[in-house]
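Asks: pasted the sequence and its predicted model underneath.
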Amino acid sequence: MQKTTRKTLMGLVVSNKMDKTVVVQVERKFIHPKFKKVVKSSRKFSAHDEKNECCPGDFISICETRPLSKTKRWRLVEIIKKGEEADKAS
């Protein structure tokens, strides 16, 4: 049996209004196939935050996991950088 490695993404926390859930915006850059220009695109993921420790503006790392709810398939691995908004609140 082959063990697969789970995908890991890094992104910015956009919202933490739900209990134990954060919305993470992940940005990626790629070269457009026809125009050969660098294009930015972003996507939002719902991630599981067990201790409710993330705040909007934090830069975090998320990892793929089993389905936890209808939209949650990712979980928080670590907070890479705390946001400025979080520092002002505390």
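Replies: Ah, there it is. Just so it is clear, the structure is predicted and the values come from calculations on it, not from any experiment.

Asks: quick one: the residue nearest the centre of the chain from D49, how far?
Replies: Central residue of the chain (C-alpha atoms, centre = their mean): V24, 3.6 Å from the mean position. With the distance defined as C-beta to C-beta, to the nearest Å, V24 ends up 10 Å from D49. Placement of C-beta: from N, CA and C, glycine included.

Asks: now swap in R43 and tell me
Replies: R43 sits at a distance of 18 Å from D49 (criterion: C-beta to C-beta).

Asks: neighbour count winner among those two?
Replies: Taking other C-beta atoms under 10 Å, R43 and D49 do not tie; D49 has more neighbours (22 against 11).

Asks: list the residues that contact that one.
Replies: With contact taken as C-beta atoms under 8 Å, 6 or more residues apart in numbering, D49 is in contact with 16, 20-22, 75-76.

Asks: could you redo these as JSON lines and give each row secondary structure, pLDDT and neighbour count?
Replies: Listed next are the contacts of D49 as JSON lines, based on DSSP: H, G, I helix; E, B strand; the rest coil; pLDDT from 0 to 100; neighbours: other C-beta atoms under 10 Å:
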{"residue": "N16", "secondary structure": "strand", "pLDDT": "95", "neighbour count": "19"}
{"residue": "K20", "secondary structure": "coil", "pLDDT": "95", "neighbour count": "15"}
{"residue": "T21", "secondary structure": "strand", "pLDDT": "97", "neighbour count": "19"}
{"residue": "V22", "secondary structure": "strand", "pLDDT": "97", "neighbour count": "27"}
{"residue": "R75", "secondary structure": "strand", "pLDDT": "96", "neighbour count": "16"}
{"residue": "L76", "secondary structure": "strand", "pLDDT": "96", "neighbour count": "22"}
